[in-house]
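Engineer: what follows is a predicted protein model with its sequence.
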Amino acid sequence: MTGGEYVAAAYGVVFVFVLVYVAIIAAKLVRLQRDTAELLELARRRELDG
Amino acid sequence: MTYLADVAALTRKDLRVELRAQDTLPAMLLFVLSTLVVFHFALPEGTGEDAAYGLLWVAIVFTALLGLARAWVPEQEHGVFDGLVLAPCDRSAIWVGKTVATLAFLLAAQVVALPAFALFFAPLDAVALVGVLLADIGICAVGSLMAAMAAAGRARELLLPLLLLPLSIPLIVGGVGSAISTEPERYLLLLALYDGIFAVLSWASFEYVVTES
Amino acid sequence: MSSAFSWIRGLPALATLAAGLIGLALLLSFFIAPEDGNQGISQRIFYIHVPIALTAYFCFGLGAWKALLLLWRGEERHDLESYVAIHQGTIFGLLTLITGAIWAKASWGVWWTWDSNQLVLFLTLFLFYCAYFMLRFSLPEGPRRSRSSAVYALFGVALIPVSFLAIRLAEDFIHPTTFTRDGPQMTGTMFTAFCVSWVAVTLLAYVLYRVELVGKRLHTDLRELREALE
């Protein structure tokens, strides 16, 4: 490998890490959204019953 | 003065428990001697004395780990840990007592192991012995705190080496350096610095890791 | 419940600033800064490797500071903050090891060298902070876990200088003839590129830290909301 390719590899690794981090945060957000929707459903039903 | 009296009483308690049960010290002794024999076969012919000094430090650290893993077991098994924490003494005295007791066990094991090392492998001079003593103090001081932290968790025997090994790297550097370097003062200084910093840190933080609320 | 949202204020602006600075840093380090006379293009790894290493220290320091606040003031929220900061630091520490290995390969032809004190120190710290997570996940949740983790985090910042000193001393008997590395002869623009990269990476880490905290707080709030509703 040439010097340039090593530089690209170093920056690429960092980029991939940040990308994976964003993906993990996205996955967590989806879970939070699902939880919120569930709770909203629960609260609405409670309102209808009460 | 009551602080010192508390420490003395706690140390005496640990030594007496060990004298009765003989759980730890015989195991440490046998372990360190077996390790030295294993080293004879692990060191190929002509590797020289420096390699032997390196392995001696591996043996010392792992023997200390063996003793530290058992450090809080008597308290845990008999459920006296909470009582000890509630006892009307400064909690850091518990840590000092445990450190002194563990240090006593480690030194007792080394009284046999170091002459055996000198007999089997290479001579140890006075500077190297000072290095061993300083490193023992450091590893027992940090180790008895880490063992108390690990004792509260699941898999405490597994946890202690993971917590302690990265922390013991400066001790290994200082110990090996004091044994093989031509200017050992710097390494002894490093060991003394380590002991000072981490003993104060452990002494000050012990209270936080043993109280429940 | 407002605890999760009070943290968002200012975060979008910070994130935008971080993104802009990263763009600027890339521009500076690839197109503006001149090529290094000795090392050629591979010297440009410096602009990412060193800022990431410094950021990892920053995160470990932040985690220890929050740990100190927890022990000192006993406020439970510092536990989460300390944990998230150390989590970030460990990720950046791993990145330091990877980019450092690439740099070692590019300039000395080997993936790992015990001659680089910085790499050896990061390996030690990486192992130390991995043990932090083992400790944390093996203890039952509660004040004792918070305080044990905090004490361990404080040991970390004490270990950094002591280990650094030890590794410097160990060079003498592990490698009696160390090859000397010239300090980077940085020209003005090179230094600017480095500083902008440093600020950009630190800000990125801080934004990620805040985002992670918001997520974790939101998760806790939702759990409490569920308990209140059921």
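Structural biologist: Sure thing, it's come through.

Engineer: from the centroid of chain B, which residue is nearest?
Structural biologist: Central residue check for chain B by C-alpha atoms, centre = their mean: the C-alpha nearest the mean position is that of residue B:140, 3.5 Å away.

Engineer: same question but for chain A, I mixed them up
Structural biologist: Central residue of chain A (C-alpha atoms, centre = their mean): residue A:26, 1.5 Å from the mean position.

Engineer: contacts for stretch C:149-159, please.
Structural biologist: Contacts of stretch C:149-159 from elsewhere in the structure, counted by C-beta atoms under 8 Å, 6 or more residues apart in numbering or on different chains, are B:142, B:145, B:149, B:163, B:166-167, B:170, B:197-198, B:201, B:205, B:208-209, C:60-61, C:63-64, C:66-68, C:70-71, C:78-79, C:82-83, C:86, C:124-125, C:128-129, C:131-132, C:135-136, C:139. Every residue, glycine included, has its C-beta placed from N, CA and C.

Engineer: quick one: average pLDDT of stretch B:201-213?
Structural biologist: This predicted structure assigns stretch B:201-213 an average pLDDT of 87.

Engineer: in that stretch, what counts as buried?
Structural biologist: Within stretch B:201-213, the residues that count as buried by 16 or more other C-beta atoms under 10 Å in any protein chain shown are B:201-203, B:205-210.

Engineer: quick check: the residue nearest to the centre of chain A is in a strand.
Structural biologist: No: membership of residue A:26 in a strand is not supported by DSSP: H, G, I helix; E, B strand; the rest coil, which gives helix.

Engineer: per-residue confidence at it?
Structural biologist: In the prediction, the pLDDT value recorded for residue A:26 is 92.

Engineer: check which helices and strands the helix ranked longest in chain C sits against.
Structural biologist: Scanning chain C for the helix with the most residues, using DSSP state H, yields helix C:188-229. Using 3 or more C-beta pairs under 8 Å, 6 or more residues apart in numbering or on different chains; DSSP states H and E as the contact criterion, the elements in contact with helix C:188-229 are helix A:3-49, helix C:2-5, helix C:11-27, helix C:46-73, helix C:77-108.

Engineer: what is the neighbour count of residue 5?
Structural biologist: Let's take chain A. Counted with other C-beta atoms under 10 Å in any protein chain shown, residues neighbouring residue A:5 total 14.

Engineer: actually it's chain B I care about, not the one you picked
Structural biologist: By the other C-beta under 10 Å criterion, the neighbourhood of residue B:5 contains 11 residues.

Engineer: what's the offset of stretch B:63-77 from the middle of its chain?
Structural biologist: Here stretch B:63-77 is found 10 Å from its chain centre; the criterion is C-alpha atoms, centre = their mean, to the nearest Å.

Engineer: for that stretch, buried residues please.
Structural biologist: Of all the residues in stretch B:63-77, those buried under the rule 16+ other C-beta under 10 Å are B:63-75.

Engineer: how about stretch B:34-51?
Structural biologist: Neighbour counts using 16+ other C-beta under 10 Å place B:35-36, B:39, B:51 of stretch B:34-51 among the buried residues.

Engineer: now do stretch A:34-43
Structural biologist: Burial within stretch A:34-43, assessed by neighbour count using 16+ other C-beta under 10 Å, is assigned to A:35, A:39.

Engineer: what sits against the residue of chain A at minimum distance from chain B?
Structural biologist: Of the residues in chain A, the one nearest chain B is residue A:17, at a distance of 23.0 Å by C-beta to the nearest C-beta. For residue A:17, the contact set (C-beta under 8 Å, 6+ apart) comprises C:91, C:95.

Engineer: distance check, it against residue A:10.
Structural biologist: 11 Å (C-beta to C-beta, to the nearest Å).

Engineer: got the residues of chain A near chain C?
Structural biologist: With C-beta under 8 Å from any C-beta of the partner chain as the criterion, chain A comes near chain C at residues A:1-4, A:6-7, A:9-11, A:13-14, A:17-18, A:21, A:25, A:28-29, A:32, A:35-36, A:39, A:42-43, A:46.

Engineer: of those, buried ones?
Structural biologist: In terms of neighbour count (16+ other C-beta under 10 Å), the buried residues within the residues of chain A next to chain C are A:3, A:6-7, A:9-11, A:13-14, A:17, A:21, A:28, A:32, A:35, A:39.

Engineer: any stretches of chain C with poor pLDDT?
Structural biologist: Across chain C, the stretches falling below the confidence threshold (pLDDT under 70) are C:1-9, C:38, C:172-186.

Engineer: pull the CA atoms of the helix or strand of chain B with the lowest mean pLDDT into PDB?
Structural biologist: Comparing every helix and strand of chain B by mean pLDDT, DSSP states H and E singles out helix B:81-86 as the least confident one, with a mean of 79. Below are the C-alpha coordinates for helix B:81-86, written out as PDB (Å, rounded to 0.1, in the frame of the first residue of the first chain):
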ATOM      1  CA  PHE B  81     -19.300  -7.500  56.100                       C
ATOM      2  CA  ASP B  82     -22.300  -5.200  56.800                       C
ATOM      3  CA  GLY B  83     -21.600  -5.500  60.500                       C
ATOM      4  CA  LEU B  84     -18.000  -4.500  60.000                       C
ATOM      5  CA  VAL B  85     -19.100  -1.500  57.900                       C
ATOM      6  CA  LEU B  86     -21.500  -0.400  60.700                       C
END
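
Engineer: buried residues, that helix. List them.
Structural biologist: By neighbour count, and taking 16+ other C-beta under 10 Å as the criterion, the buried residues in helix B:81-86 are B:81, B:84.

Engineer: report whether that helix contacts chain C.
Structural biologist: No: applying C-beta under 8 Å from any C-beta, one finds helix B:81-86 separated from chain C by no less than 10.9 Å.

Engineer: name the residues that touch that helix?
Structural biologist: Around helix B:81-86, the neighbours that count as contacts under C-beta under 8 Å, 6+ apart are B:72, B:75, B:91, B:94, B:151, B:210-212.

Engineer: repeat that for 6 Å
Structural biologist: In this structure, residues lying in contact with helix B:81-86 by C-beta atoms under 6 Å, 6 or more residues apart in numbering or on different chains are B:75, B:210.

Engineer: likewise for stretch A:22-33?
Structural biologist: C:215, C:218.

Engineer: for chain A, which residues score under the pLDDT cut-off?
Structural biologist: Counting by pLDDT under 70, chain A shows low-confidence ranges at A:1, A:50.
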